[in-house]
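Student: Below is the sequence, then the predicted model.
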Amino acid sequence: VVLYLLMWATVPKANEASGLQLSALDVKLAQTAQIYAFPITAFLQWGFQLPDVLGSWISGALFALLIAAWLLLQQQQFSRILPIMIWCVVVMLPAWLFLDAGYLLGSPRLHYLASTGVAMLWGSMLARPFPQTWSLGLQWAARVVVIALIMFIAIPFIQARMNEHQQLDKIYRQVGSIADSMPEQERLLLINGPAYLAPFNATFLLGAEGSTYLPDFIELSDWLKLNGFRNIVADNRRVDDIIPPSDKRFAVTHPLLDRQTIE
């Protein structure tokens, strides 16, 4: 954490992510907490199709009950999971403090390092799901059942994400083909593209300055163009609100004007 703070103070930044970002801190903490309950959250979304907020609360409560039951059965095993919890806090603290909530919510990659703690936590519970006095056969049966359930839940989730990526691929290829057809002296202006299409001079935590996300469903040449590595081709800009809000409503009051009426 000290090293992160030192780097953040010394590395020049070219985007708006500077200084403490303490607004919506509860949202950031809730997002990180959800990664521990991911298998349960995915199961609720897949099996019951609950709203995101309600599903998150229910999955969090079920996960807390699962941890409490495991600790009650194991007895004196809290010291086994305490370092795992501390790991997650230490890893995510810089992102909680210095990144905007919107950027953090849109950048799952920032939880990759923290997800190691998730694997260790579930691994600890699977290593000994029941008290040591229970039979070894029952211990192994419980491990197999839990792992099978996690795989059964995760595979449809991954498949849905892959289908989503295929849809996004069509959009990226269209934008890339437009950039290809433009004369060298002209530039393609991309307004409010995905958050990971960032200018190459922006600075983010955990490295990966510039190209913050590299999908596997787009050609590398198109990706480089969209990221602004060829400045004459792509220029990415973010605008918070292109059309200002209005309290007026507009309606068509005249008859439909068609080609026959014009002639």
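Tutor: Everything's here; your move.
Student: switch to C-alpha atoms for all contacts and neighbour counts from now on
Tutor: Noted.
Student: Report all helices and strands that the top helix by length along the chain contacts.
Tutor: Ranked by residue count and defined by DSSP state H, the top helix of the chain is helix 136-181. With contacts taken as 3 or more CA pairs under 8 Å, 6 or more residues apart in numbering; DSSP states H and E, helix 136-181 sits against helix 38-47, helix 115-127, helix 220-226.
Student: If we use 7 Å, what do you get?
Tutor: Under the contact criterion of 3 or more CA pairs under 7 Å, 6 or more residues apart in numbering; DSSP states H and E, helix 136-181 touches helix 38-47.
Student: on contacts alone, who are the packing partners of the helix it packs on?
Tutor: Contacts defined by 3+ CA pairs under 7 Å, 6+ apart place helix 38-47 against helix 52-74, helix 136-181.
Student: Which of these sits closest to Met92?
Tutor: helix 52-74 (18.7 Å; CA to CA).
Student: Name the residues of that closest one that are buried.
Tutor: For helix 52-74, burial by neighbour count (16 or more other CA atoms under 10 Å) applies to 55-56, 58-60, 63, 67, 70-71, 74.
Student: which stretches of the stretch 51-200 of the chain have low pLDDT?
Tutor: 52, 75-77, 129-133, 172, 175-176, 178-200 (pLDDT under 70).
Student: and the gap between Pro170 and Ile158?
Tutor: Careful, residue 170 is Lys and not Pro. As judged by CA to CA, to the nearest Å, Lys170 and Ile158 stand 19 Å apart.
Student: okay, how far is it across stretch 31-51, tip to tip?
Tutor: 16 Å.
Student: Which of the residues in it are classified as buried?
Tutor: Within stretch 31-51, the residues scored as buried using 16+ other CA under 10 Å are 31-32, 34-45.
Student: on that earlier part again, could you point out which of the helices and strands packed on helix 38-47 sits nearest Leu110?
Tutor: With CA to CA as the criterion, Leu110 lies closest to helix 136-181 of the helices and strands packed on helix 38-47, at 18.1 Å.
Student: could you give the angle of the closest one to helix 115-127?
Tutor: 160 degrees (axes from the mean of the first three to the mean of the last three CA atoms, to 10 degrees).
Student: on that earlier part again, would you format the buried residues of helix 52-74 as TSV with distance to Ile153 included?
Tutor: Compiled in TSV, the buried residues of helix 52-74 are given as follows (distance: CA to CA, whole Å):
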residue	distance to Ile153
Gly55	15
Ser56	16
Ile58	17
Ser59	14
Gly60	17
Phe63	15
Ile67	20
Trp70	21
Leu71	25
Gln74	26
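Student: Go through those and say which is closest to Phe152.
Tutor: Proximity of the buried residues of helix 52-74 to Phe152, judged by CA to CA, is greatest for Ser59, which lies at 16.9 Å.
Student: Quick check: the closest one touching Ala42?
Tutor: No. Using CA atoms under 7 Å, Ser59 is not in contact with Ala42, being 8.9 Å away.
Student: Just want the phi and psi numbers for Phe48.
Tutor: Per-residue torsions, Phe48: phi -120, psi -10 (degrees, to the nearest 10).
Student: Gly106: neighbour count?
Tutor: 12 (other CA atoms under 10 Å).
Student: From Leu20, how far out is it?
Tutor: 19 Å.
Student: Equivalent analysis for Met120, please.
Tutor: On the measure of CA to CA, Met120 and Leu20 end up 30 Å apart.
Student: Which one's more surrounded, these two?
Tutor: Neighbours were tallied for Met120 and for Leu20 using other CA under 10 Å; the higher tally belongs to Met120 (16 against 13).
Student: Please parse the protein into its domains.
Tutor: Here the domain parsing of the chain from automatic domain parsing is 2-137, 164-237.
Student: The spatially closest residue to Ala127 that is not a sequence neighbour: how many residues sit nearby?
Tutor: Counting by CA to CA, 6 or more residues apart in numbering, the nearest residue to Ala127 once its immediate chain neighbours are dropped is Arg143, at 7.6 Å. Using other CA under 10 Å, Arg143 is surrounded by 19 other residues.
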